[in-house]
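*Asks:* just the structure for this:
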Amino acid sequence: MKNRFNTLIKYVYDYSDKTYNKEIVDSLFRAITEPLMNNQKIESCVLIRTQDSENKISILKRLLFSGVKIFNFGNNIAELDLENCCLNDIWGTTEFFIILSQRYSSALVWDYTTGEINNTSKTCILCNSKIISDIAKHISENSTKDLSTFIKQYSPDRRENTLLNKSIKAIADSFSEKCNEYRILEYEKNSLIKNNEDDNISKIVTSKARFISHEIK
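*Replies:* The predicted structure is shown next:
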C-alpha cells in the first residue's frame with residue numbers, strides 16, 4: 001500500500017538538533033549541487049519542491065543546461081515551466097531537494113513551520129546515504145511520473161556516511177553563527193545611526209558587518 005502521509009517531516013526532526021535561518025537553507029541548497037556543477041558529465045536527476053525559487057533559479061537553470069532531469073513537486077518554478085508531478089499533494093509546508101546520481105546523492109529537507117522564529121527551519125541534510133533512497137521512494141509513491149528506474153539506477157550503494165554528514169552540519173552551524181552575528185551587527189549599526197552616536201563607532205560596526213557578510217558569501 002502506498003504511503004500517502006508526509007513522512008519527510010520525520011527526517012527533518014530526526015536529523016536536526018537546531019534550526020537554520022532562510023539564508024543558511026539557501027546556502028546549503030547551493031552547496032550540495034557543487035559536485036554536479038564541478039562534473040557535468042555525471043548522469044543524475046533531481047526531485048524538488050520549493051515555495052521560494054528566487055535564490056535557486058540560476059542553479060536550476062545550470063542543472064537543466066547540463067542535462068540533469070528535474071522533477072518538480074510544487075508550484076511552477078518561474079522561467080523553467082516545469083510540470084507539477086504531485087499525484088497526492090501531501091507535503092503541506094515541507095520542502096525538499098533530492099539529488100540522485102550513480103556517484104553522488106544528497107538530500108535536503110526543510111520545513112519553516114518547525115522553527116520557533118519566523119523563516120527558520122529544522123533541516124535534514126544527508127549525503128551518500130542509503131536513507132536518501134527511502135526519501136526518494138516516498139516521493140515517488142506520490143508522483144505522477146514513474147521514478148522507479150531513476151531510483152534503482154542511482155540508488156546509493158553506501159551506508160550512511162556519518163563523517164561526511166557531520167562535516168556538512170558543522171559547516172551549516174558555522175554559517176548560522178556568522179549570519180546571526182551579522183544580523184546583530186546590522187541592528188547595532190542601525191541603532192547607532194538612529195541615535196546619532198559617534199560616527200567612528202558606526203563605521204567600525206559597518207566594516208565588521210561587511211567582513212562577515214563577505215565570509216558568508
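*Asks:* show me the shaky parts of the protein.
*Replies:* Filtered on pLDDT under 70, the chain yields the residue ranges 1-2, 40, 78, 156-217.
*Asks:* now do the helices in this structure.
*Replies:* Along the chain, counting by DSSP state H, helices occupy 8-14, 22-31, 34-38, 57-65, 131-141, 148-153, 162-194, 199-216.
*Asks:* list of residues touching the shortest one?
*Replies:* Contacting residues not belonging to helix 34-38 are listed as 42, 44, 62, 63, 66, 68, 99, 101, 103, 104, 106 [C-beta atoms under 8 Å, 6 or more residues apart in numbering]. (C-beta placed from N, C-alpha, C; glycine too.)
*Asks:* let me know the closest of those to residue 85.
*Replies:* Residue 85 lies nearest to residue 68 out of the contacts of helix 34-38, by C-beta to C-beta, at 15.2 Å.
*Asks:* picking up where we left off before, farthest-separated two in the contacts of helix 34-38?
*Replies:* 62 and 103 (18.4 Å).
*Asks:* most surrounded residue in the contacts of helix 34-38?
*Replies:* residue 106 (27 neighbours; other C-beta atoms under 10 Å).
*Asks:* contacting residues for that residue?
*Replies:* Residue 106 touches 32, 35, 98, 99, 125, 126, 127, 128, 132, counting by C-beta under 8 Å, 6+ apart.
*Asks:* again, but for residue 48
*Replies:* So residue 48 contacts 60, 70, 71, 72, 73, 74, 77, 96, 97, 98 (C-beta under 8 Å, 6+ apart).
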